[in-house]
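Chemist: quick one: sequence and predicted model below, then my questions.
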2 protein chains.
Amino acid sequence: MNKNHPHLHLKDLGIDTYKEPVIYMRKDCHICRSEGFAAQSRVQVTLNNRSVIATLNTIESELLCHGEASLSRYAWDFLSAKNGDEISIAHPKPIESLSDIRSKIYGHELSSEQINHIVNDIVAGQLSDIHIATFLTATAGGHLSNREVFDLTTAMVGTGQHLTWPSSLIVDKHCVGGLPGNRTTLIVVPIVAAFGLMIPKTSSRAITSPAGTADTMEVLAPVDLDLIKMQHVVERESGCIVWGGTVALSPADDILIQIERAIDLDSEGQLVASVLSKKIAAGSTHLLIDIPVGPTAKVRSIQAATQLKELFDNIATQFGMTVKTIYSDGSQPVGRGIGPALEAQDVLQVLQGDKRAPQDLRDRALTLAGHILEFSPTVEPGQGKKIAKTILDSGKAWHKFQAICDAQGGMRDISKAPFSYDVVANNAGNIIDIDNRYIARIAKLAGAPNAKTAGVFLHVSSGQYIERNQPLFTVYAESEGELNYALLLLKQNPDIVQVGENK
Amino acid sequence: MNKNHPHLHLKDLGIDTYKEPVIYMRKDCHICRSEGFAAQSRVQVTLNNRSVIATLNTIESELLCHGEASLSRYAWDFLSAKNGDEISIAHPKPIESLSDIRSKIYGHELSSEQINHIVNDIVAGQLSDIHIATFLTATAGGHLSNREVFDLTTAMVGTGQHLTWPSSLIVDKHCVGGLPGNRTTLIVVPIVAAFGLMIPKTSSRAITSPAGTADTMEVLAPVDLDLIKMQHVVERESGCIVWGGTVALSPADDILIQIERAIDLDSEGQLVASVLSKKIAAGSTHLLIDIPVGPTAKVRSIQAATQLKELFDNIATQFGMTVKTIYSDGSQPVGRGIGPALEAQDVLQVLQGDKRAPQDLRDRALTLAGHILEFSPTVEPGQGKKIAKTILDSGKAWHKFQAICDAQGGMRDISKAPFSYDVVANNAGNIIDIDNRYIARIAKLAGAPNAKTAGVFLHVSSGQYIERNQPLFTVYAESEGELNYALLLLKQNPDIVQVGENK
């Protein structure tokens, strides 16, 4: 406790602002007066040598007595606060990294030091959400040089924990999102682990999509394992599928992702730094990157995919990592379900060899697993996919998946959404096009990924012939409000699934 | 009240978040559950046909009973809420203008419609602070075309009120900031009005500087006049100096400025649109723009000034406005005071013909007033400054200033800050350089502009010879905390005023 700074006693008001640290002080508090603080001021709050910069909200009522202050849930937990704790209050030092962010807006290249400084200030809670949004915007649109992406990756790795493994060959995969339902990870990991390669997979929750791999896996097993537990799972089963946020391999990225979600922005440089920082921290040596390309996927052209591949290659090589990139068809959703539970159902059908299993998902997973198996010196080039198929068809992958779920805390049953709506074809004809972006938006408006069982289930695929009134897709929601909200968008865009005229 | 949407009763918690609309709801509220809302969700709140999109903060304590919700001060006032009022809650419609903002990030030119849409969504409270920060960042760094700046200006004018005047010649001036203490407006307006030209001057409060013209004028008279009162003042005295925020000539700009302040960013395109939208709405026909140029001023080179001048010319001409731009010396602060009250003191000395009056401020004001007088068909080119000098020296300008203050609500006395600290020279020598940016930061850290009497008073100017221990400048503050905070920066940068070695 710094005796030179004024202090206040904490009272918990129980206000949750998500990740934004907020301090609540009386408007007529003597500190506001003496320090010149007003609503929206940035205030440095210190408790037992931990410190956070919070935004001030002032209180004009009797929620707080004189001498009291409160903190938002995030700041409260960040400082490990208890009722009655004495906090000290000070003006924050001028944030130098804000000048660096401004310099980036004006097109200047940032030095390694400047980037490091910005990333550290983000993790230390020095920069507000508005500042972080500014940083993300200034670095989007191709405004980061390769060197800056390298430095950003390094800085992100530096803020988190690192994993080391007994094996010298640690494989991993990453799919650049944008393709609803593309949940190959849950099939690839058990195949690769059953073969005997070590694959410590951490996945993200959805950034701008209706489900991330971690959201889908969470339907089937716990994913919020800490580092120690994750290591136990991998040492026992050779693989895991856990949420990257809990293991904190890249805490800077975890914060950036919150703001990216709010502004619905996921730029190339940030994407590469985000992915690689987590793989490097996870101790991976060999990485397969899958870039689905299609007019409504995240990456829309081979040119854009090539540019992204080159950036991945360039940065990964500098970290001594082997990267193989493949482009895949991104023209339509993969599998039939979009949303955590609906996607998990597709995955189980593939693993169990169910006849209803979506063949596109199965084939994609086998292709990816095959490429990964070829990282092994014992597998001949071109033989990987065949081996992967044998492992899947023998039931070994399904067995391994159950073992991984058990190791992660126990396998769960999939439940079904209480509200649903069938969308049918207005005329007979062939399916011309399915708009990934609108399908994803409908699933999100219906509540995915927070509502696990919400989403869209596709009954048809591109090229298929259908009759009039045949169901095209079903929208699922956990509440009537969310279902109506999704249907509202549907009404405005009735051609999400385009059916050609019956000639 | 939409009967289809769930509703809650309002309870005032008295929480002030400044301009961010926030809604407080119990975490276990049935609406959060049924609609899928969680902390940080964007929620559409409607009361008596007025509507705002607010960010959700959830409450885990007994601050709110079941069936109750609360709003932040800004949202409460925006909806004219009263305790017990019934609000309805809904998911906001997808914000299309957010896609337009993202498109700008990727370098695409925005259409007139897109710009109009964004500006209207800002005023209607549809976009959050994070979204607005993203928009400001994406359009900074020279990323707006002339056409986009024109459209931005048009859109801003469209959101506010318009003034019309009996005269066909309405003059105005604007100084592109960055030069501490440059308060010529308070001298120019009374000279021009005393001559008989109509000058309805609205000024801004500080954006990133220690004092805006409105902050300084407020030391001497009320500036928060509404449109009707402002028109009365101008009709009676030919001129006024009021705050643009209250008259709401460009409400979009008033919101943008809050976020620009938070990220300390004021870009060229936004600057031109901001200035011109207010002048157009104020009914001005002839505008003088003063661009101070200097290594530590806002505009640092003649090239940058020329670029800015061309943008002003281009856009103003399209609105049928006559613009004259002059470049002035921006190498050091103007006058001796930096901060509202200290600057007001400089102004009064000039108007009153006091011998201690800062001659640089006097000369700048006469130059500007001269140029403006030459907009009059009765003044020969090159004669304006002489006429301005006669009006100032005769006391007519001082007389007019007092009349304007009276008309605006009554002239006020200047008070003095209770805390101060003298910075003295460590050695004798000539003053080599005064760093505008650091002087401005010290004044801000000391509390300016919110603390009216806080700031910096310069005892010396560039080139002047001084003795060892002679005072260089005095820092003033209204609280000890703020004084110490300013002195901390001073300690880190002792060479803010550079004194050459005594040879």
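Modeler: Yep, it's here.
Chemist: hey, what's residue A:322 bridged with?
Modeler: When bridges are called by DSSP bridges, residue A:322 pairs up with residue A:286.
Chemist: which residues does it contact?
Modeler: Applying CB atoms under 8 Å, 6 or more residues apart in numbering or on different chains, one finds that residue A:322 lies in contact with A:285-287, A:316, A:375. (Each C-beta comes from the backbone N, C-alpha and C, glycine too.)
Chemist: looking at this, residue A:327 is in a strand?
Modeler: Yes - with DSSP: H, G, I helix; E, B strand; the rest coil as the criterion, residue A:327 is part of a strand.
Chemist: partners of residue A:43 in the sheet?
Modeler: Taking DSSP bridges, one obtains residue A:54 as the residues bridged to residue A:43.
Chemist: out of the contacts of residue A:322, which comes closest to chain B?
Modeler: Among the contacts of residue A:322, residue A:316 lies closest to chain B (CB to the nearest CB), at 24.6 Å.
Chemist: just give me the neighbour total for the closest one.
Modeler: Close neighbours of residue A:316, defined as other CB atoms under 10 Å in any protein chain shown, add up to 23.
Chemist: and it, helix, strand or coil?
Modeler: Strictly by three-state DSSP, residue A:316 counts as helix.
Chemist: give the closest residue to it in space, chain neighbours not counted.
Modeler: Among residues not flanking residue A:316 along the chain, residue A:323 sits closest, at 4.2 Å (CB to CB, 6 or more residues apart in numbering or on different chains).
Chemist: list the contacts for the one you found?
Modeler: Counting by CB under 8 Å, 6+ apart, residue A:323 touches A:286-289, A:312-313, A:316-317.
Chemist: restricted to buried residues, select these in PyMOL.
Modeler: Filtering the contacts of residue A:323 down to the buried ones (16 or more other CB atoms under 10 Å in any protein chain shown) takes a single PyMOL command:
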select buried, chain A and resi 286+287+288+289+312+313+316
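Chemist: any idea how far residue A:226 is from chain B?
Modeler: Noted for residue A:226: a distance of 23 Å to chain B, by CB to the nearest CB, to the nearest Å.
Chemist: repeat for residue A:394
Modeler: In terms of CB to the nearest CB, residue A:394 sits 41 Å off from chain B.
Chemist: cool, and residue A:249?
Modeler: Distance from residue A:249 to chain B, by CB to the nearest CB: 23 Å.
Chemist: same thing with residue A:265?
Modeler: 6 Å.
Chemist: quick one on the thing from earlier: and the two most separated of the contacts of residue A:323?
Modeler: A:288 and A:317 (15.1 Å; CB to CB).
Chemist: who in the stretch 201-350 of chain A is up against chain B?
Modeler: Proximity of the stretch 201-350 of chain A to chain B (CB under 8 Å from any CB of the partner chain) is limited to residues A:259, A:262-265, A:267.
Chemist: return the residues in contact with residue A:247.
Modeler: By CB under 8 Å, 6+ apart, the neighbours of residue A:247 are A:161, A:202, A:225-227, A:230.
Chemist: burial measure for residue A:276, as a count.
Modeler: Residue A:276 is flanked by 30 other residues according to other CB under 10 Å.
Chemist: could you find the closest non-adjacent residue to residue A:53?
Modeler: That would be residue A:92: by CB to CB, 6+ apart, it lies 4.9 Å from residue A:53.
Chemist: my read is that that neighbour contacts residue A:44, right?
Modeler: Yes - counting by CB atoms under 8 Å, residue A:92 touches residue A:44, with 4.3 Å between them.
Chemist: overlap in contacts of the two?
Modeler: Common neighbours of residue A:92 and residue A:44 (CB under 8 Å, 6+ apart) are residue A:53.
Chemist: which strand residues bridge residue A:200?
Modeler: On the basis of DSSP bridges, residue A:200 is bridged to residue A:240.
Chemist: pull the contacting residues for it.
Modeler: A:163, A:165, A:170, A:172, A:230-231, A:234, A:239-240, A:282-284.
Chemist: tally of neighbours for whatever residue of the stretch 101-250 of chain A ends up closest to chain B?
Modeler: Nearest residue of the stretch 101-250 of chain A to chain B: residue A:137, at 3.9 Å (CB to the nearest CB). By other CB under 10 Å, 30 other residues sit near residue A:137.
Chemist: check residue A:290 too.
Modeler: With neighbours defined by other CB under 10 Å, the count for residue A:290 comes to 23.
Chemist: gap between the nearest residue to it once chain neighbours are set aside and residue A:206?
Modeler: Excluding its sequence neighbours, the residue lying closest to residue A:290 (CB to CB, 6+ apart) is residue A:175, at 4.3 Å. Residue A:175 is 13 Å from residue A:206, where distance means CB to CB, to the nearest Å.
Chemist: before we move on, the earlier item: buried sites along the host helix or strand of the residue of the stretch 101-250 of chain A closest to chain B?
Modeler: Secondary structure from DSSP states H and E places residue A:137 in helix A:129-139. For helix A:129-139, the neighbour count (16+ other CB under 10 Å) marks A:129-139 as buried.
Chemist: tell me the residues of the stretch 51-200 of chain A that contact chain B?
Modeler: Neighbours of chain B within the stretch 51-200 of chain A, by CB under 8 Å from any CB: A:57-61, A:63, A:72-73, A:91, A:93-94, A:98, A:101-102, A:105-107, A:128-131, A:133-134, A:136-138, A:140-142.
Chemist: at 7 Å what do you get?
Modeler: A:57-61, A:63, A:91, A:94, A:98, A:102, A:105-107, A:129-131, A:133-134, A:137-138, A:140-141 (CB under 7 Å from any CB of the partner chain).
Chemist: and the pLDDT for the residue nearest to residue A:296 when sequence neighbours are not counted?
Modeler: Setting aside the residues directly before and after it, residue A:296 is nearest to residue A:436 in space (CB to CB, 6+ apart), at 4.1 Å. Note for residue A:436: predicted pLDDT of 76.
Chemist: contact partners for residue A:436?
Modeler: With contact taken as CB atoms under 7 Å, 6 or more residues apart in numbering or on different chains, residue A:436 is in contact with A:179-180, A:296-297, A:332-333.
Chemist: so which of the residues you listed sit within strands?
Modeler: Applying DSSP state E to the contacts of residue A:436, no entry is found in strands.
Chemist: now, among the contacts of residue A:323, which is nearest to residue B:185?
Modeler: Scanning the contacts of residue A:323 for proximity to residue B:185, where the rule is CB to CB, the winner is residue A:312, at 55.1 Å.
Chemist: residue A:491 and residue B:56: what is the separation?
Modeler: Distance check for residue A:491 against residue B:56: by CB to CB, it reads 26 Å.
Chemist: comparing the two, which shows the higher neighbour count?
Modeler: Applying other CB under 10 Å to residue A:491 and residue B:56 shows that residue B:56 carries more neighbours, namely 24 against 8.
Chemist: just to be sure, that one is in a strand?
Modeler: Yes - the assignment for residue B:56, made by three-state DSSP, places it in a strand.
Chemist: got JSON lines for the contacts of residue A:436, with pLDDT too?
Modeler: Output for the contacts of residue A:436, formatted as JSON lines (pLDDT from 0 to 100):
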{"residue": "A:179", "pLDDT": "72"}
{"residue": "A:180", "pLDDT": "70"}
{"residue": "A:296", "pLDDT": "72"}
{"residue": "A:297", "pLDDT": "77"}
{"residue": "A:332", "pLDDT": "76"}
{"residue": "A:333", "pLDDT": "78"}
